[in-house]
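Q: Sequence plus predicted model, see below.
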Amino acid sequence: MSKRVHEILSWYAGDNPGTLTNLARLLDHGRLAGTGKLVILPVDQGFEHGPARSFAGNPAGYDPRYHFQLAIDAGCNGYAVPLILKLNNHDTLVDEKDPISAQTGSVKDALRLGCVAIGYTIYPGSAQCREMYQQLRDLSEEAKAAGLAVVVWSYPRGSALSKEGETAIDIVAYAAQIAAQLGAHLIKVKLPSAHLEQAAAKKAYESAKVPIATLADRVRHVVQSAFDGRRIVIFSGGAKEDDQTFFNDVRAIRDGGGFGSIIGRNSFQRPKADALKFLETVMKLYAGEMP
Amino acid sequence: MSKRVHEILSWYAGDNPGTLTNLARLLDHGRLAGTGKLVILPVDQGFEHGPARSFAGNPAGYDPRYHFQLAIDAGCNGYAVPLILKLNNHDTLVDEKDPISAQTGSVKDALRLGCVAIGYTIYPGSAQCREMYQQLRDLSEEAKAAGLAVVVWSYPRGSALSKEGETAIDIVAYAAQIAAQLGAHLIKVKLPSAHLEQAAAKKAYESAKVPIATLADRVRHVVQSAFDGRRIVIFSGGAKEDDQTFFNDVRAIRDGGGFGSIIGRNSFQRPKADALKFLETVMKLYAGEMP
Amino acid sequence: MSKRVHEILSWYAGDNPGTLTNLARLLDHGRLAGTGKLVILPVDQGFEHGPARSFAGNPAGYDPRYHFQLAIDAGCNGYAVPLILKLNNHDTLVDEKDPISAQTGSVKDALRLGCVAIGYTIYPGSAQCREMYQQLRDLSEEAKAAGLAVVVWSYPRGSALSKEGETAIDIVAYAAQIAAQLGAHLIKVKLPSAHLEQAAAKKAYESAKVPIATLADRVRHVVQSAFDGRRIVIFSGGAKEDDQTFFNDVRAIRDGGGFGSIIGRNSFQRPKADALKFLETVMKLYAGEMP
Amino acid sequence: MSKRVHEILSWYAGDNPGTLTNLARLLDHGRLAGTGKLVILPVDQGFEHGPARSFAGNPAGYDPRYHFQLAIDAGCNGYAVPLILKLNNHDTLVDEKDPISAQTGSVKDALRLGCVAIGYTIYPGSAQCREMYQQLRDLSEEAKAAGLAVVVWSYPRGSALSKEGETAIDIVAYAAQIAAQLGAHLIKVKLPSAHLEQAAAKKAYESAKVPIATLADRVRHVVQSAFDGRRIVIFSGGAKEDDQTFFNDVRAIRDGGGFGSIIGRNSFQRPKADALKFLETVMKLYAGEMP
Amino acid sequence: MSKRVHEILSWYAGDNPGTLTNLARLLDHGRLAGTGKLVILPVDQGFEHGPARSFAGNPAGYDPRYHFQLAIDAGCNGYAVPLILKLNNHDTLVDEKDPISAQTGSVKDALRLGCVAIGYTIYPGSAQCREMYQQLRDLSEEAKAAGLAVVVWSYPRGSALSKEGETAIDIVAYAAQIAAQLGAHLIKVKLPSAHLEQAAAKKAYESAKVPIATLADRVRHVVQSAFDGRRIVIFSGGAKEDDQTFFNDVRAIRDGGGFGSIIGRNSFQRPKADALKFLETVMKLYAGEMP
C-alpha cells in the first residue's frame, strides 16, 4: 500500500478494519492504484435516464457485461473488481419538484455480491430530505458494521432551490458538508459554478473573501468543506460535452485537490475504442503523467 | 465528586448506575469540574447553517479536530472527553414552517464512539412535534437502557408561534417543562425575552405576579419550570454579538440559577487565541471568580 | 380484600392474575381502600397546559415530589404507591382541530418504574382517532400480557364535534362505551351536560325517555354505557371552580354510581393545607361518611 | 416504610424503581412487615420430592390453595400476596451426580401472574454449573428490566463435593458469595455445619481464626460472605425435625444476623392448627417478641 | 484471473457472487496467486496448545503482529490480506475424551474485520459431533449469505477412534467427505497414514485395491473423497520435524493433487530468516519451480 493510501486511510481511523480493507481495495486497484485518485464508471443510467437515452447511441451498452469489460480494459477502479452497489435509484418517468429515490438494493445484496461499498443518493434541498437522510443513516450503520464503505451522491435538488442553485458553489459545498456529516467515506458532487444561491451564504463568502473565481478554486473550497479535505470527494462530469472541455475539468479537479471523476455517459455512449482512448487520457491526467 | 455534583445526581435517582456515571463524567470534567456548571461547545453548525457561514470567518474550523483542540485548551466540559452525540440535525436548505430534524445518528453510534450522552432537538410548536416527541422517547429509552444520558435541545418553532413567540418567556418555560417530562437529563433552551405569547399564559403570569422583568428573573423562572430546578438547564447564546453583552447574559444565567451555556459560533468563529480568552472569561463568571 | 373489591374484580375475569393483582393494589390502597371508590391525582398538567398556567398559583407544584406528598398526606389511591404511567401526552402549543397525543412512555417504562397501570388518552371524534385506537390496542395488549392494568382517558374532541358536544351526554356515554370496548379497565370521562349532540341519538334518548335531567342521572347513564356498570368509570373535574359546586358534583358521581374522581388543578393549585381539607371532604363523600 | 426497610433498600441502589418497589412489597407485608425479616413458604416440594413424600402426611397439602390459605392465616410474607415464581425445578426421578434443574417458568409468566420476584436454583459444584449460571444471568437481566426482584436458591451439590461438603461452612459461604455476584437480591442457603471441605479454604479459615464454632457464628459468616451483609440471606430449614431444635435454629439465624427462614415441610406436613401455632412461634422469634 | 482459478471457481457455481469473489481473493493473492495452490499460516496455537508450548521457542511469536509480517514477507496467501477468522477454539485445560470446541467468534466479527472466510473445526468421531455439525451448518448459512467463504478443519478425534485411527487413511478420507457435505469451500485435514481403522472400510479398500501405499496415493484418495477433487483440500503439517521430511510431504501433497499446506509451528517456531527460507522452498515446490 502506498504512503498516500495510508494517509487517506488515516482519516477514517474510527472505522473498523473491514471498512478500511474495502477502502484500500477501492484505492489500490487498477491503473491509478496507490495514487489516491479514482475514476469510477457508473452503470445506473438505464434506470436514471431510460435505456434509449442512455444506450441507443452505442447499443453495446444495453448489455450490462459491456460496462464491466470497458472498466477492466480501461483499468478503472471502482468498477471491475471493486464494486459499489447503489442502494437507491430514481427514474425520470415521474419528475417531482421534491425528489426522493427509491431503495432498490440492500446491504445484504452488497455482501452477497461481494461489493466493497454501498452507494446512496441524497437530494439536499428536497422537502423529502429528512426521509433520505434517515434511510442513509440506517443503511450506513448496517453497511459499516459489515465492513463495507459508504459512497454518497450528494446532488442538491428540490423546490427550495433555483435550477442555477443546484450547482451554486455555496450549495455544492453545503451538500459536501452534509454528506460528510452523514458518514460518507466517498462523496460525489457535481462541478460547482461561481453562482451563490443563499443570501446569508453570499454575505459570508464575500466578507471572508473565499476565492471562487476559477473551477480549481471552487473544487478546492468544496474539498475543504468536507472536513477540511479529510474526506474523498469525487466530481461527476454530467452530460456529454466536448472532450477538451472535459479534460480541462479533470485538470481543475486535480489541481484543486479533488480525488477523481465519475464518468458515465461520456464513456459508454461512444464506441469502445474511443472510450478507452478517452479514459486513458483522463487516467494520465490524474496520474500526473500529463500537464 | 463534589457535594454539589452529588446533590445534582440525587435528582436523577430513578436512572441506572450507567447513566449516573455518565452524568458525573459530564459534571466532573474540565475547568468547571464539581461546580455544577457546564460550558458546552457544539460542532453541528456546518450541517445546521452550511460550511461557509460557519467556518469561512475562521477557516481552521473546517477541520473537525480544531473544535476538539479548542475545547481541550479552553477546559470546557461537554466536549473534549465527554462527548454528546447529536442524533438529529436540520439544515437550512429547506425552510419549512413546521420544522422537524432528520435522525442522523443512533444510540449504537454513541456507544461505539464512547459518548456520555445523546443529544436531540425538538421543536415544540411545530405541527410535526408529535413525531419528534415519539422519536425522542424511543431513542431515550434505548439510550438510558445503555447507560447514556439524554440532552434535549428544546427550541420552540412552527406555524403555531409568532417569530417573537419563539423566545417568549411563557413559551421557553413551557419548552423546558416539555423536555423535562420527555425525560431529558440536560435541557437546552434559548435565552427568553419578557414577551408573553399565549393569552391564557399571560393571564396566569400576571395574576400570580411571576417576576420576569430582568433576564436573571426569566432564567430563574425557566429553571423552576424544569421540575422546580431539579433538571440541568443550559442556555444557548445565539449568533455572534458584542462580548460584553454576552458576558452580561452569562451573569444573568448564573445569577438566575442556570447551569451554563452552549457556545458555538461565538467561540469558533474567532481566532483561537481570542476564543480561549473569551471562554476563560465565561468560565470565570460561572466559577464565581468574577462578579 | 373487601367483598366490594372482590365483586369489582369479578368483572375482569378474563384478565390474568397479574392484572387482577394490580387492580387490587389500586383499589385496596389509602383512605378509600376497599370501598370500590377512587380519587386519583394526575400530574401531567405541566405538559398539557404549560407550567405557569398549572403551577404559578401554588409554586410548590413546580416540584414533582410535592404531588406525591400531597397524595400520601391526603390518603388518595391511584397515586402514592400505586402509580399509573401515562403513556401519551398533548401540549397546547399546537392547537389542532383534530388532536392526537404523542406517545411519551412505554410499557417497559411502566414495569421499570413499578407501576400498577398504564394510562392513555383517546380523542373520540378526532379525524386521527383510528391511529390512537390502534396505538392504544397495541399498548394494551403488551401491558396486559405483563400484568398491568389499563386506564383510558376518553375525551371527545375534534372537527366532528361542536364545543358543546364534547361534554354532551350522548357523546360522553359513547366515549365511555368506546373505551370499554377498547379494553380499558378504568375509564376516565368528563362530567356530561344534558345537551344531546347527535340528531339520531337525540331521537333515541327522547323516544326511550332516558333520564338525563340531573347530573346523577347522567352519571348513571354513562356508567351503564360502560358494560352496564361493569367497568370502573371515573370522572374528571375540569378547571378550578367553587368548592361547593365541586362537592355537589362528587355527590352526583357517588349517587349516580360513579367510581370516583380525578382531581388535578382543583387540588394542587391551592395551598397544601387547603388542598388536604378539600380532599378530605371529597373522600368523606365517597366513603359515605357525609351526605 | 420502616427505617430498616429503607436501609435494606439502600443496598440495592443500582436497581431500578420497579425492582425496589417489589422488594419493598416483599419486606412490607404480613406479620413481620417493616422488621427486615422474612418467613417464606415454598410450594415446590411436590415437584422436588414427589407428592406422597410431600403431602401424604397431611393430605390437605395436595390442594395448592391450602398453601396460600396457610400463608395468609399465618401472616407470612413472601407468599400470600407477594408471590415469587420459581423458574426452575428439579425432580428426584433422576438422581444425577451433577444435577441441573429444568427451566419450568419464564419472566413473562411471573409478570402475568403478578409476582414480585422470580426464583431460581443453582447447584455450585455441579459439572453443569456453567449452564445454570448463564441461564440465571439471562433470566435476571430480563426480570430486573421488568422491575422484578431475583431470589436465588444456592445449594452446593455435584461430583466435585462430598456429601458432608454440601453444607460445610466454607462451601455454603462460597455459595452465598456466588449467588450475590450473580445478581441475587435474596439468597437462600442451607444452615452450615462446622465442617471445612476444601483443603486450601481450611488453611485460610484456620490461619485467620474465623469463628465458626456456634451456628450463630456460622450464620454471621455466611451473611458476611454475601457482600458483607448487604444482601438479604435466608436459611432453609431442611427435613422435618424436633420443634425445639427448629426454634433454636431460628434463634441462631436471628442472632447471627440472618434475614429469615424458608419453611416448607416443617409447616405443611402437620395439621393446619399445629402449623399456625408453629409459625406463630417462628414469627415471634424473628420479631424479637421472644428471647 | 488465471484459467486454473476460473476452473476452481466453476466447482462452486451454486455459491453467490460475494463468496466467489472472496474465494478468488484467496486464490489470487501472494506468491502462489493464480496457481490454484495455497499456503496458509494459522495463528490459533496459543489458544489450542497454551502460550509457552507455542511461542517460548521463538519468543517473537508472542506478538500477534509477528505472524502477519511473517506471512506478508513470505508471500503466503490465506493470511496477509485475505484473512480467515476461526470461529471456534479448543484449549487443553480440560482434556475430554470427546472434544468439542467453544465458539469464540461470529460471522459479524469476520465482516467487521474484513475477512474473506470463516474457519471452523469439527471433530468427526467425537460423541459431540452432532452439536458441532449443527453449529457449523448455522454459521455456514450465515457466512455464505454474507458472501464469505467457509474453511473447515476436519480432525477426527473422540472415544470412537483409536489414537492411530485419527490419521488412518479411511478416517481422513471420511472426514474430508463429511466436511465437503457440510458445505466447506476449503477443507483442512491431516496427512493420512496407511493404517485402516474401520474393519468394514478395510475390506472395501482391499477388495477394490485402492492404492494407498505412498503418501501421494493417499493424498489423491483424500482429494477424491471430497467430491472427486472438486473441493479445495489443504493438508496440515503437524508438529516440528525434519525439514527434508516436510518438503517431501509437500511434494507428495503436490503430486497427489492436494491444494496446499497449512503451516503453523513449523514456520513460527524458528527464527524469522530461517522461516522465510523454509517457506520460500515450500512455495517453489507448490509453484512447480522445484522438482
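A: That came through, no problem.
Q: from here on, contacts and neighbour counts on C-alpha atoms
A: OK.
Q: what are the ranges of the strands in chain A?
A: Assigned by DSSP state E, chain A shows strands spanning A:38-40, A:84-86, A:88-89, A:102-103, A:117-122, A:149-154, A:186-190, A:232-236, A:260-262.
Q: I'd like to know which elements the last one is packed against.
A: The reference is to strand A:260-262. Contact partners of strand A:260-262 among helices and strands, from 3 or more Cα pairs under 8 Å, 6 or more residues apart in numbering or on different chains; DSSP states H and E: strand A:38-40, strand A:232-236, helix A:243-255.
Q: sorry, back to before: let me have the strands of chain A in a markdown table, extended by mean neighbour count and mean pLDDT.
A: Formatted as a markdown table, the strands of chain A follow (neighbours: other Cα atoms under 10 Å in any protein chain shown; pLDDT from 0 to 100):
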| stretch | mean neighbour count | mean pLDDT |
| --- | --- | --- |
| strand A:38-40 | 26 | 93 |
| strand A:84-86 | 25 | 94 |
| strand A:88-89 | 20 | 92 |
| strand A:102-103 | 14 | 90 |
| strand A:117-122 | 26 | 97 |
| strand A:149-154 | 25 | 97 |
| strand A:186-190 | 25 | 97 |
| strand A:232-236 | 24 | 95 |
| strand A:260-262 | 23 | 95 |
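Q: Tell me which of the ones you listed sits nearest to E:Gly114.
A: Minimum separation from E:Gly114 across the strands of chain A (Cα to Cα) falls at strand A:149-154, 10.9 Å.
Q: does any part of that closest one sit near chain B?
A: No - Strand A:149-154 is not in contact with chain B by Cα under 8 Å from any Cα of the partner chain; minimum separation 13.0 Å.
Q: Can you give the contact residues for that strand?
A: Contact with strand A:149-154 is made by A:19-20, A:22-23, A:84, A:116-124, A:140, A:143-144, A:175-176, A:179, A:183-189, as judged by Cα atoms under 8 Å, 6 or more residues apart in numbering or on different chains.
Q: just how off-centre is that strand within its chain?
A: When distances are taken as Cα atoms, centre = their mean, to the nearest Å, strand A:149-154 is centred 7 Å away from the chain's centroid.
Q: Compute the inter-axis angle for that strand and strand A:117-122.
A: Interaxial angle, strand A:149-154 versus strand A:117-122 (axes from the mean of the first three to the mean of the last three Cα atoms, to 10 degrees): 20 degrees.
Q: show me what contacts the residue of the stretch 151-291 of chain A found nearest chain C?
A: Proximity of the stretch 151-291 of chain A to chain C (Cα to the nearest Cα) peaks at A:Ala160, 25.2 Å away. Listed by Cα under 8 Å, 6+ apart, the contact partners of A:Ala160 are A:125-127, B:93-95.
Q: Got a quick ChimeraX command for the buried subset of those residues?
A: In ChimeraX syntax, the buried subset of the contacts of A:Ala160 is picked out as below (16 or more other Cα atoms under 10 Å in any protein chain shown):
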select /A:125,126,127 /B:93,94
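Q: can the contacts of A:Ala160 go into CSV with extra columns for pLDDT and distance to chain E?
A: CSV is the format used below for those (pLDDT from 0 to 100; distance: Cα to the nearest Cα, whole Å):
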residue, pLDDT, distance to chain E
A:Gly125, 94, 34
A:Ser126, 95, 34
A:Ala127, 93, 35
B:Leu93, 88, 35
B:Val94, 84, 36
B:Asp95, 82, 39
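Q: Name the member of the contacts of A:Ala160 with the shortest distance to chain C.
A: Using Cα to the nearest Cα, those come closest to chain C at B:Asp95, 19.0 Å.
Q: ok, the residue nearest to the closest one when sequence neighbours are not counted to B:Asn88 distance?
A: Nearest residue to B:Asp95, sequence neighbours excluded (Cα to Cα, 6 or more residues apart in numbering or on different chains): A:Ala160, at 7.6 Å. Distance of A:Ala160 to B:Asn88, computed by Cα to Cα, to the nearest Å: 21 Å.
Q: okay, and for chain A, where does confidence drop off?
A: Where chain A drops to pLDDT under 70, the residues are A:77-80, A:237-240.
Q: sorry, back to before: what backbone torsions are found at the residue nearest to B:Asp95?
A: As for A:Ala160, its main-chain torsions (degrees, to the nearest 10) stand at phi -80, psi -10.
Q: any idea how far it lies from chain D?
A: From A:Ala160 across to chain D, the span is 46 Å (Cα to the nearest Cα, to the nearest Å).
Q: ok, now A:Asn58?
A: 63 Å.
Q: same question, A:Ala226
A: Taking Cα to the nearest Cα as the measure, A:Ala226 falls 42 Å from chain D.
Q: Please give me every residue in contact with that residue.
A: A:173, A:176-177, A:179-180, A:233, B:62.
Q: and of those, the nearest to chain E?
A: Among the contacts of A:Ala226, and counting by Cα to the nearest Cα, the member closest to chain E is A:Ala180, at 21.3 Å.
Q: Looks like that closest one contacts A:Arg230 (just checking).
A: No - between A:Ala180 and A:Arg230 there is no contact under Cα atoms under 8 Å: 9.3 Å.
Q: hang on, the earlier thing: would you list the strands of chain A in TSV and tack on distance to C:Leu32?
A: Supplementary listing: the strands of chain A in TSV, determined by distance: least, Cα to Cα, whole Å:
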stretch	distance to C:Leu32
strand A:38-40	77
strand A:84-86	66
strand A:88-89	62
strand A:102-103	59
strand A:117-122	61
strand A:149-154	63
strand A:186-190	67
strand A:232-236	70
strand A:260-262	76
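Q: Name the residues that touch stretch A:200-210?
A: Contacts with stretch A:200-210, where a contact means Cα under 8 Å, 6+ apart, come from A:170, A:196, B:50, B:52-53, B:56-57.
Q: May I have stretch A:156-172 exported as PDB, CA atoms only?
A: The C-alpha coordinates for stretch A:156-172 follow below in PDB (Å, rounded to 0.1, in the frame of the first residue of the first chain):
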ATOM      1  CA  PRO A 156     -28.900  19.400  -4.400                       C
ATOM      2  CA  ARG A 157     -32.400  19.500  -5.900                       C
ATOM      3  CA  GLY A 158     -35.800  20.400  -4.800                       C
ATOM      4  CA  SER A 159     -38.400  23.200  -4.500                       C
ATOM      5  CA  ALA A 160     -36.100  25.200  -2.100                       C
ATOM      6  CA  LEU A 161     -33.500  25.700  -4.900                       C
ATOM      7  CA  SER A 162     -33.400  27.500  -8.200                       C
ATOM      8  CA  LYS A 163     -32.200  25.500 -11.200                       C
ATOM      9  CA  GLU A 164     -29.000  27.500 -11.100                       C
ATOM     10  CA  GLY A 165     -28.700  26.900  -7.400                       C
ATOM     11  CA  GLU A 166     -28.300  23.200  -7.800                       C
ATOM     12  CA  THR A 167     -24.700  23.700  -8.800                       C
ATOM     13  CA  ALA A 168     -24.000  27.000  -7.000                       C
ATOM     14  CA  ILE A 169     -20.700  26.900  -5.100                       C
ATOM     15  CA  ASP A 170     -22.300  27.600  -1.700                       C
ATOM     16  CA  ILE A 171     -24.900  24.800  -2.300                       C
ATOM     17  CA  VAL A 172     -22.400  22.200  -3.600                       C
END
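Q: No further queries at this time; thank you.
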